[in-house]
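A.B. asks: Starting from these lines, generate the structure:
(one chain, ligands or ions: 3)
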Amino acid sequence: MQQDNNLALPVGITLDRFIMRQQEAFPYATGELSQLLRDIALASKIINREINRAGLIDITGALGRENVQGESQQKLDVIANIRFIRALINGGQVVGILSEEDDEIIQTGNLNAKYVVAMDPLDGSSNIDVNVSIGTIFSIYRRVSPIGTPATKEDFLQGGRKQIAAGYILYGSSTIMVYTTGKGVNGFTYENSLGEYFLSHAEMQMPKDGKIYSVNEAYFDEFDNPIKEFIQEMRQEAGCMARYIGSLVGDFHRNLLKGGIYLYPPTRKAQNGKLRLFYECYPLAFVIEQAGGKATDGQKDILDIAPTEVHQRSMAYLGSDCLIDKLGNKIMEHHESVIKQLANI
Ligand SMILES: O=P(O)(O)OC[C@H]1O[C@](O)(COP(=O)(O)O)[C@@H](O)[C@@H]1O
Ligand SMILES: [Mg+2]
Ligand SMILES: [Mg+2]
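C.D. replies: Residues are numbered from 1 along each chain as shown. Ligands and ions are numbered 1, 2, ... in the order given. Here you go, the predicted model:
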C-alpha cells in the first residue's frame, strides 16, 4: 500500500477518518461540509445495495414517464433520486437540490443550511438493466441566498469555479467514490461486508497523455471536421483503442486512471451537446483539473462556461492534457482556415 504524501494518510484509512483529517486541515471548518460528504456516501451505499439486487426485486426497466430532459425515466433513476434527496434532507446540511430527474429546484426545508447540491442520481441509465457500470455524479456549492430563506436559482448559477466540492460514485466491478474539495482527488473503494469506504486511490493524477478515446461513433458522420480528423488520427495511431461503455462515469473513471479522452460533441439531435452542465460537466471538469487533466467545450475550459439555465447542456471533451491540447489545436486551425476562406470571398 502506498503512503499519501498530501495529508500523510495511509491508503486503507476509512472515508470518515479521511474527511475528519481533511477538516482538521481547515482551522475555520465547522463540520457541515464533512457531514454533507458523509450523507452522500451513505446514500451511495443504499443505492449500491439496490443496484446489486435490482434484478431480484423488479426495479429494472422503465417507469413509463419522462424527465425534464425528455428522457424515459428508469425505475432506478427515480429510486436513486429519492434515496439521495432523502439522505440530503435528513442530513440537514443542504437547503436546495438540483437533480437531473426534477424540473424545479427541490427545497429541503433546511433553511439554515449552508450548501446546495446539483446531482445526476444515476448516470448511464441505458446500462442499468444490462449490468454494465453506472454511477452518480454530485457537485456542491455554498449558498448565496440568505440563511433562513429557501434556495434560489442563483445558488446554482454561480459558475463551475465556485464549486466547493465535486465527485462521483462508480457502481462497477467494485464501488468507488472519487471526489475533490479543491485539494487534489482521492478515491475510496467500498468494502461491502464492512459497509465502509476505504482510501484506495490517493492523490489521483491523470496521465498527461493517453491512447484511449471514448466517443459514440454512431454519430461520427454528424461531427464537425476537426472532431472527425481528431478521431481518425486516434484510430490510425499505433496502440490507440476505442473504449465507450455509454456510462459517462465509467468511461471517465477508466480514462482518469489510464489516460485518454472522452468526447461528446454536438450531434444533429443534441446541437449543444448531450451532457448537462451542472451535474455532469462542471463536477467532472473540477475533478479532472484537480487530477492534472483538462475539460473543454472546444472553445474554453468547461469550468469557465457561463451558467444561464439549470438544466443547460454543453459539448464536452474531458481528457489527458496532451489529447485536449491536440483537439483544441485542431478546432482552432479549422476556425482560422474558415476565417481565411471567408476573407478571400
Ligand atoms: O447513448 P449516447 O448518446 O452515446 O449517450 C451516452 C451518454 O449519455 C449518458 O447516459 C447521459 O447520462 P444519464 O444516463 O444520466 O442520462 C452518459 O452517461 C453517457 O456517456
Ligand atoms: Mg448522466
Ligand atoms: Mg442520470
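
A.B. asks: Point out where this protein drops to low pLDDT.
C.D. replies: For the chain, applying pLDDT under 70 flags the ranges 1-10.

A.B. asks: and it, which of its residues are near ligand 2?
C.D. replies: 120, 123 (CB under 5 Å from the ion). Quick note: C-beta positions are derived from backbone N, CA and C, even for glycine.

A.B. asks: Enumerate the residues of the chain near ligand 3.
C.D. replies: In this structure, the chain approaches ligand 3 at residues 100, 120, 122-123, judged by CB under 5 Å from the ion.

A.B. asks: Between those, which sits nearest residue 192?
C.D. replies: Using CB to CB, residue 122 is the member of the residues of the chain next to ligand 3 that sits closest to residue 192, with 19.3 Å.

A.B. asks: Make a markdown table from the residues of the chain next to ligand 3 and add neighbour count, secondary structure and distance to residue 324 to it.
C.D. replies: Output for the residues of the chain next to ligand 3, formatted as a markdown table (neighbours: other CB atoms under 10 Å; DSSP: H, G, I helix; E, B strand; the rest coil; distance: CB to CB, whole Å):
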| residue | neighbour count | secondary structure | distance to residue 324 |
| --- | --- | --- | --- |
| 100 | 25 | coil | 25 |
| 120 | 29 | strand | 22 |
| 122 | 30 | strand | 27 |
| 123 | 28 | strand | 21 |
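
A.B. asks: of all these, which comes closest to residue 285?
C.D. replies: Nearest member of those to residue 285, counting by CB to CB, is residue 120, at 13.8 Å.

A.B. asks: Next, count neighbours for residue 220.
C.D. replies: Neighbourhood size, residue 220 [other CB atoms under 10 Å]: 14.

A.B. asks: So it sits against residue 228, correct?
C.D. replies: Yes - between residue 220 and residue 228 there is a contact at 6.7 Å, judged by CB atoms under 8 Å.

A.B. asks: Pairing partners for whichever residue of the stretch 51-200 of the chain sits closest to ligand 2 in the sheet, please.
C.D. replies: Nearest to ligand 2 in the stretch 51-200 of the chain, going by CB to the ion, is residue 123, at a distance of 3.5 Å. With DSSP bridges applied, residue 123 shows beta-bridge pairing to residue 135.

A.B. asks: so residue 12 makes contact with residue 198?
C.D. replies: Yes - the pair formed by residue 12 and residue 198 meets the contact definition of CB under 8 Å, at 5.5 Å.

A.B. asks: what are the ranges of the helices in this structure?
C.D. replies: Counting by DSSP state H, the chain has helices at residues 15-24, 32-52, 75-91, 225-236, 248-258, 282-290, 321-344.

A.B. asks: now the strands: where do they sit in the stretch 101-250 of the chain?
C.D. replies: Counting by DSSP state E, counting those that start in this stretch, one finds strands in the stretch 101-250 of the chain at the ranges 106-107, 115-123, 134-142, 165-171, 175-180, 185-191, 196-201, 212-214, 241-242.

A.B. asks: before we move on, back to that, turn the residues of the chain next to ligand 3 into CSV, including distance to residue 29.
C.D. replies: Listed next are the residues of the chain next to ligand 3 as CSV, based on distance: CB to CB, whole Å:
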residue, distance to residue 29
100, 30
120, 27
122, 31
123, 29
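
A.B. asks: how many neighbours does the residue lying closest to residue 173 once chain neighbours are set aside have?
C.D. replies: Residue nearest to residue 173 in three dimensions, not counting chain neighbours: residue 133, with 7.6 Å by CB to CB, 6 or more residues apart in numbering. By the measure other CB under 10 Å, the count of residues near residue 133 is 21.

A.B. asks: ok, now residue 333?
C.D. replies: Neighbour tally, residue 333, other CB under 10 Å: 12.

A.B. asks: what residues are up against residue 293?
C.D. replies: By CB atoms under 8 Å, 6 or more residues apart in numbering, the contact set of residue 293 is 206, 256, 318-321, 324.

A.B. asks: rerun at 10 Å
C.D. replies: Applying CB atoms under 10 Å, 6 or more residues apart in numbering to residue 293 gives the contacts 185, 204-208, 210, 252, 255-256, 259-261, 284-285, 287, 318-321, 323-324.

A.B. asks: swap in residue 35?
C.D. replies: Residue 35 makes contacts with 19, 23, 91-94, 115, as judged by CB under 10 Å, 6+ apart.

A.B. asks: Out of those residues, which end up buried?
C.D. replies: 19, 23, 91-94, 115 (16 or more other CB atoms under 10 Å).

A.B. asks: what does the stretch 101-250 of the chain put close to ligand 1?
C.D. replies: Contact residues, the stretch 101-250 of the chain versus ligand 1 (CB under 6 Å from any ligand atom): 120, 123-126, 216, 246-248.

A.B. asks: do you know how far the residue most central in space within the chain is from residue 156?
C.D. replies: Residue closest to the average C-alpha location in the chain (CA atoms, centre = their mean): residue 284, at 3.9 Å. Plainly put, residue 284 is 17 Å away from residue 156 if you go by CB to CB, to the nearest Å.

A.B. asks: do the same with residue 68
C.D. replies: With CB to CB as the criterion, residue 68 and residue 156 are 14 Å apart.

A.B. asks: still on that earlier bit, comparing residue 12 and residue 198, which shows the higher neighbour count?
C.D. replies: Ranked by neighbour count (other CB under 10 Å), residue 12 and residue 198 place residue 198 first, with 17 against 12.

A.B. asks: what's near enough to touch the more buried one?
C.D. replies: Counted by CB under 10 Å, 6+ apart, residue 198 has contacts 11-15, 17-18, 187-191.
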